[in-house]
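Undergrad: what follows is a predicted structure for the sequence shown.
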Amino acid sequence: MATAVSMDPQKPAHLEPSELGTREYWDQTYSTDLSTHASTPSHEGHTWFSDVNASQKILKYLTSTSLGLDKEATTFLDLGTGNGEMLFLLRDEGGFTNRLIGVDYSRSSVELCKKLSQQKGLALRPSLDEQNSIDFILWDILHSKPRPEWVEGFDVVLDKGTFDAVSLSGEVDELQRRVVEGYARRVEGLVKKGGLVVVTSCNWTEEELKNWFCGEESTLEVYGRVNYPVFKFGGHTGQSVCSICFKKKS
């Protein structure tokens, strides 16, 4: 089948829809993880990009002195949190002690995260005013409005594979556009001015991510990147995964 063309000529062509872009696929994935975890507590579920150790590399980037993020003040929102691994790392190894919130549209994902939190001895505190709080919430960025308490936005918004999944969805919005077309603007509305958005993808190159998230109507600009091993094939060089950090203009 031919690849569909984006309605916005400045954006890359769409990817062909796949089951990886459906809620049913991820509900089944995390339901299986829940069942496996119940019988084998050491099983913590599916982790995106583990083959390139992406989570640890992102953690190293976010804790770097060049970013200078205040560990007591920085707030995080993890989109499509999956098994919550990124937030657990930020809290346990990164030392971030302010609000850590993970959202996912899969109820099974949220249930898994809460069970893992209990196993790790972490308190799930719904109050956003409490220090050391961590919370996992059933929330769909494509179909739900931001919560009132999120109106000021977050210091850092994370997306590790969620944009990839949205890119593989064949669903269309009220304008009859593939839902991927409006995703970046929804993310943009969740981050504070001067805040960061870190997007990790295996479906898109760095240049393509830039085209999706930046542009004339966007307040996001490229701020940095996470480095991964580079491969050479057929005279070309590249990397299988890329993580781009965007900053919201203030």
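TA: On my side now, so go ahead.

Undergrad: any idea how far E24 is from S108?
TA: 11 Å (Cβ to Cβ, to the nearest Å). Every C-beta, even on glycine, is put in place using the N, C-alpha and C of the backbone.

Undergrad: okay, these two: which has more neighbours?
TA: More neighbours surround S108 than the other of S108 and E24, with 20 against 9 (other Cβ atoms under 10 Å).

Undergrad: residue contacts, that one?
TA: Counting by Cβ atoms under 8 Å, 6 or more residues apart in numbering, S108 touches W26, D27, T29, Y30, S31, D33, L34.

Undergrad: just the pLDDT for R186.
TA: Model confidence at R186, given as pLDDT, is 96.

Undergrad: can you pull the pLDDT of the residue nearest to it when sequence neighbours are not counted?
TA: Residue nearest to R186 in three dimensions, not counting chain neighbours: I141, with 5.5 Å by Cβ to Cβ, 6 or more residues apart in numbering. pLDDT recorded at I141 is 97.

Undergrad: for L112, the count of nearby residues, please.
TA: If you count neighbours by other Cβ under 10 Å, L112 ends up with 28.

Undergrad: show me where this structure has its strands.
TA: 76-79, 100-104, 134-138, 154-160, 191-201, 220-226, 231-233, 236-238, 242-248 (DSSP state E).

Undergrad: give me the contacts around the second one.
TA: Contact with strand 100-104 is made by 26, 75-82, 84, 86-87, 90-91, 110, 113, 133-139, 141, 154, as judged by Cβ under 8 Å, 6+ apart.

Undergrad: pairing partners for that strand, with directions?
TA: strand 76-79 (parallel), strand 134-138 (parallel) (DSSP bridges).

Undergrad: distance from the chain centre to the shortest one, please.
TA: By that I understand strand 76-79. Counting by Cα atoms, centre = their mean, to the nearest Å, strand 76-79 is centred 7 Å from the centre of its parent chain.

Undergrad: many thanks, I have nothing further to ask.
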